[in-house]
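Undergrad: okay, predicted coordinates and the sequence, questions at the end:
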Amino acid sequence: MVKTINYKKILLFIVIITTIFIFVSFTGGFALLKLIKTSKPLITYQENTTGYDFSVDWFSHNLKSWNKYKAFFEDNENSQCLEIGALEGRSTLYTVQNYCNSKNSKTYVIDTWEWPISYYTPQEQKDLFAIFSYNLRDYIKNKKVIPLRGESRKMLPQLAYEVSQNKLQKFDFVYICGSHLAKDYMFDMALSWEMLKVDGIMAVAGYGWDKFKENPELTPKPAIDGFLVSYKGDYEILHKGFEVHLKKIR
């Protein structure tokens, strides 16, 4: 007995499979495209370590937001940058390659270059300043990067004086990721803000850092929140997540 072929079932099966395939292809492809768009800059930046000495990466997760500001610096032939807290220089390297990369640009970097005690014992610590100097060697040699070794409480007033005497220009970009104590962040933000140009950008790290929930004074968040209240009307919030990015508007 010859069985008849149920074309209706076959057609229905084909329609179902095709629909599933189209749906998976579209949604999966869209998700994959989105992942590529958001991940590629991070992957490229993290893999581009040939010729550098990096042992930690506490910066690359910021790239999605940082990359948005490149256009701001494209036509600036004299951009000046300030960084407080650089560690091995990963964020500094990004800054000098993307923000302060014109002929007359300079990036001033303040740091003690001492390992955070909470992460490494004295026996594990390397010479951080030597590592930073190696990673930024070409930029330091060409005086595009100016390392200022010491605590920001001592170094920032010196810079502020130079700015007040017109010996240094105000800054187009400031990045703060130094001591994470609230009182230190408060000092760093307030004094750096005075040296930031109108329309300049200040990025502050650690807003979402919750290592010491029972002792908020050991974290940047109270200082950042206090700054946002105290300087309300003087800034535009560009980004608020693990970091906070502000544009100075007056």
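TA: The structure has been received and is ready for your questions.

Undergrad: so which strand or helix has Thr92?
TA: helix 90-98 (DSSP states H and E).

Undergrad: quick one, strands of the chain?
TA: 80-84, 106-111, 145-149, 171-176, 196-204, 235-240, 244-248 (DSSP state E).

Undergrad: need the ones you listed in CSV (columns: mean neighbour count).
TA: Bear in mind the C-beta positions are built from the backbone N, C-alpha and C, glycine included. Shown next, in CSV, are the strands of the chain (neighbours: other C-beta atoms under 10 Å):
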stretch, mean neighbour count
strand 80-84, 26
strand 106-111, 24
strand 145-149, 18
strand 171-176, 26
strand 196-204, 19
strand 235-240, 15
strand 244-248, 21
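
Undergrad: TSV for those, including mean pLDDT?
TA: What follows is the strands of the chain, written out as TSV (pLDDT from 0 to 100):
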stretch	mean pLDDT
strand 80-84	98
strand 106-111	98
strand 145-149	98
strand 171-176	98
strand 196-204	98
strand 235-240	98
strand 244-248	98
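
Undergrad: next, format these as CSV and append distance to Gly226.
TA: Output for the strands of the chain, formatted as CSV (distance: least, C-beta to C-beta, whole Å):
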stretch, distance to Gly226
strand 80-84, 18
strand 106-111, 21
strand 145-149, 26
strand 171-176, 14
strand 196-204, 12
strand 235-240, 13
strand 244-248, 12
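
Undergrad: can you pull the pLDDT of the residue nearest to the spatial centre of the chain?
TA: Centroid check for the chain by C-alpha atoms, centre = their mean gives Asn62 as the closest residue, at 4.5 Å. You'll see Asn62 listed with a pLDDT of 82.

Undergrad: from what I see, it and His239 are in contact.
TA: No - using C-beta atoms under 8 Å, Asn62 is not in contact with His239; the gap is 9.0 Å.

Undergrad: residue contacts, the residue lying closest to Met186 once chain neighbours are set aside?
TA: Leaving aside its chain neighbours, Met186 sits nearest to Ala223 (4.1 Å; criterion: C-beta to C-beta, 6 or more residues apart in numbering). Applying C-beta atoms under 8 Å, 6 or more residues apart in numbering to Ala223 gives the contacts Ala182, Lys183, Asp184, Tyr185, Met186, Met189.
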